[in-house]
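> Fold the following.
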Amino acid sequence: MVVSINNICNAVLAARIMNATLVLPELDANSFWHDDSGFRGIYDVEHFIKSLRFDVNIIEKIPEIRKNGKTKKIKAVQLRPPRDAPISWYTTDALQKMKEHGAIYLTPFSHRLAEEIDNAEYQRLRCRVNYHALIFKPNIMKLSQSIVDKLRTQGHFMSIHLRFEMDMLAFAGCFDIFNPKEQEILKKYRNENFAPKKLVYKERRAIGKCPLTPEEVGLILRAMEFNNSTRIYLAAGELFGGERFMKPFRALFPHLENHSSVEHSDELPENTQGLIGSAVDYMVCLLSDIFMPTYDGPSNFANNLLGHRLYYGFRTTIRPDRKALAPIFIDREKGRKAGFEEAVKQVMLKTNLGGPHKRISPESFYTNSWPECFCQTSPKNPADKCPPDNVLEILNSQLSQENDDPESNSTSVGER
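Residues are numbered from 1 along each chain as shown. Here you go, the predicted model:
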């Protein structure tokens, strides 16, 4: 699901760069989600293929060929792209291998195509994939809309991606707030899953590298003058440390919901932590009145939602500046509480609340596709002009003409 959205966008772009046919991408969800639903299990495959037909030819599996009177499937040669590979790697190394073997299998593919590309049309293709082609299956969309409708019967609601699970805490190296047994679990997980690195909690905490605790999230919202009648939808996995960390947050904001509490569907119970549950959370967060990610570090879910909400009308987003907030929370923990709420409010007033802003490294393109993916009605550069209303009719006509020319069809096959 969202763990693979960036990879899928990159796979389509890689195929476009090489003028190759793309075999439907695979989702590596078993290792984290313990879910083997796959691409077809959550995405509308027919819509995906059809909506990208003007950009890339996509097929569901590697085709068979006839050779010496025998039919056999093309065997893809495995190829490992370098991290953040430039376009030139795909037009040389990858393309050469594909021409030699007929098909290539690019793996691993996480962060294997540079985000910053000096080609606006390539960046727009990423947005077409991300925000138009990748649509969840009708049953997931229906479940999500049902939850949103039920929440809206009582007025506006906020969604929060509460990132306080074991994997993120272990990654961040933020152990000291936990008891000895919990620290041992986190350290073991870190040693087994991440590269060795010396992490000092006080140093990490002081520069905002630790995920916000549920209580800190509540205190930020209170400082921003949200009261205890605020209705909140929580998109979260299993919170590490359990109820003792949720209790202070729940005391501040008692009206908390999640997909299981709102929608009593036969489809959700077995998938609350799987791909379907995550997909439903994503859609509810996308459609909510306000969205707040509590840790937008290496989190594809939060980062993609920030970009998605920006793309669809600059929807309100509360994005805590953890680095600026860290000394204020540290002072509070030391008993210096005077002026706490005002200090938090001043920090939050300086943050962007979902409006357009220039992307500055290390902000991801998937978090902020401004300005490449936003057309202009009166642009200085003609390439930035908004397309005509009948753009699909024009493209369909062009595609029909190309299909009438047999020499224009590409025969190479590239697989994610």
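
> Would you map the helices across the stretch 1-150 of the chain?
5-18, 30-33, 38-42, 45-51, 87-89, 95-101, 120-128, 138-152 (DSSP state H, counting those that start in this stretch).

> how about those helices, which one is nearest residue 323?
helix 5-18 (24.2 Å; CB to CB). For glycine as for every other residue, the C-beta is placed from the backbone atoms N, C-alpha and C.

> tilt between the closest one and helix 120-128?
Here helix 5-18 runs at an angle of 140 degrees relative to helix 120-128 (axes from the mean of the first three to the mean of the last three CA atoms, to 10 degrees).

> Now stretch 367-376: buried residues?
Using 16 or more other CB atoms under 10 Å as the burial criterion, the residues of stretch 367-376 that qualify are 367, 368, 369, 370, 372, 373.

> could you point out which element follows the one helix or strand residue 281 maps to?
Using DSSP states H and E, residue 281 sits in helix 275-287. Using DSSP H and E, the next helix or strand after helix 275-287 towards the C-terminus is strand 290-293.

> returning to what we had before: with mean neighbour count, mean pLDDT and distance to residue 321 as new columns, can the helices of the stretch 1-150 of the chain be given to me in a markdown table?
Formatted as a markdown table, the helices of the stretch 1-150 of the chain follow (neighbours: other CB atoms under 10 Å; pLDDT from 0 to 100; distance: least, CB to CB, whole Å):
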| stretch | mean neighbour count | mean pLDDT | distance to residue 321 |
| --- | --- | --- | --- |
| helix 5-18 | 24 | 95 | 24 |
| helix 30-33 | 12 | 48 | 28 |
| helix 38-42 | 19 | 85 | 33 |
| helix 45-51 | 16 | 95 | 36 |
| helix 87-89 | 15 | 97 | 34 |
| helix 95-101 | 15 | 94 | 43 |
| helix 120-128 | 18 | 94 | 26 |
| helix 138-152 | 17 | 93 | 28 |
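
> Tabulate those helices in JSON lines, adding columns for distance to residue 111.
Supplementary listing: the helices of the stretch 1-150 of the chain in JSON lines, determined by distance: least, CB to CB, whole Å:
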{"stretch": "helix 5-18", "distance to residue 111": "8"}
{"stretch": "helix 30-33", "distance to residue 111": "16"}
{"stretch": "helix 38-42", "distance to residue 111": "19"}
{"stretch": "helix 45-51", "distance to residue 111": "22"}
{"stretch": "helix 87-89", "distance to residue 111": "13"}
{"stretch": "helix 95-101", "distance to residue 111": "20"}
{"stretch": "helix 120-128", "distance to residue 111": "14"}
{"stretch": "helix 138-152", "distance to residue 111": "26"}
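
> Tell me where the stretch 201-350 of the chain has helices.
Going by DSSP H, counting those that start in this stretch, the stretch 201-350 of the chain shows helices at 201-206, 214-223, 243-252, 259-262, 275-287, 300-311, 322-333, 340-349.

> Buried ones in the first one, by neighbour count?
Which is helix 201-206. Here helix 201-206 shows 201, 204, 205 as buried, counting by 16+ other CB under 10 Å.

> roughly how far out does that helix sit from the chain middle?
27 Å (CA atoms, centre = their mean, to the nearest Å).

> what do you get for the longest one?
If you compare the mean C-alpha spot of helix 275-287 with that of the full chain, they lie 11 Å apart, counting by CA atoms, centre = their mean.

> now do the fourth one
Offset of helix 259-262 from its chain centre (CA atoms, centre = their mean): 22 Å.

> looking just at contacts, which helices and strands does it meet?
With contacts taken as 3 or more CB pairs under 8 Å, 6 or more residues apart in numbering; DSSP states H and E, helix 259-262 sits against helix 138-152, helix 275-287.

> Give me the pLDDT value at residue 408.
Per-residue pLDDT puts residue 408 at 38.

> meant to ask about residue 198, not that
Value for residue 198, per-residue pLDDT: 88.

> Could you count how many residues lie near residue 27?
22 (other CB atoms under 10 Å).

> hang on, it packs against residue 40?
No - Residue 27 is beyond contact range of residue 40, at 9.4 Å (criterion: CB atoms under 8 Å).

> quick one on the thing from earlier: can you lay out the helices and strands packed on helix 259-262 as CSV showing distance to residue 176?
CSV is the format used below for the helices and strands packed on helix 259-262 (distance: least, CB to CB, whole Å):
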stretch, distance to residue 176
helix 138-152, 36
helix 275-287, 29
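
> of the ones you listed, which approaches residue 95 most closely?
helix 275-287 (32.6 Å).

> and the closest one, C-alpha only, in PDB?
Coordinates of each C-alpha in helix 275-287 appear next as PDB, following Å, rounded to 0.1, in the frame of the first residue of the first chain:
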ATOM      1  CA  LEU A 275      -3.100  -3.500   3.800                       C
ATOM      2  CA  ILE A 276      -6.900  -3.000   3.800                       C
ATOM      3  CA  GLY A 277      -6.900  -1.300   7.200                       C
ATOM      4  CA  SER A 278      -4.000   0.900   6.200                       C
ATOM      5  CA  ALA A 279      -5.700   1.800   2.900                       C
ATOM      6  CA  VAL A 280      -8.900   2.800   4.700                       C
ATOM      7  CA  ASP A 281      -6.900   4.900   7.200                       C
ATOM      8  CA  TYR A 282      -5.200   6.700   4.300                       C
ATOM      9  CA  MET A 283      -8.500   7.600   2.700                       C
ATOM     10  CA  VAL A 284     -10.100   8.800   5.900                       C
ATOM     11  CA  CYS A 285      -7.100  11.000   6.600                       C
ATOM     12  CA  LEU A 286      -7.100  12.300   3.100                       C
ATOM     13  CA  LEU A 287     -10.800  13.300   3.400                       C
END
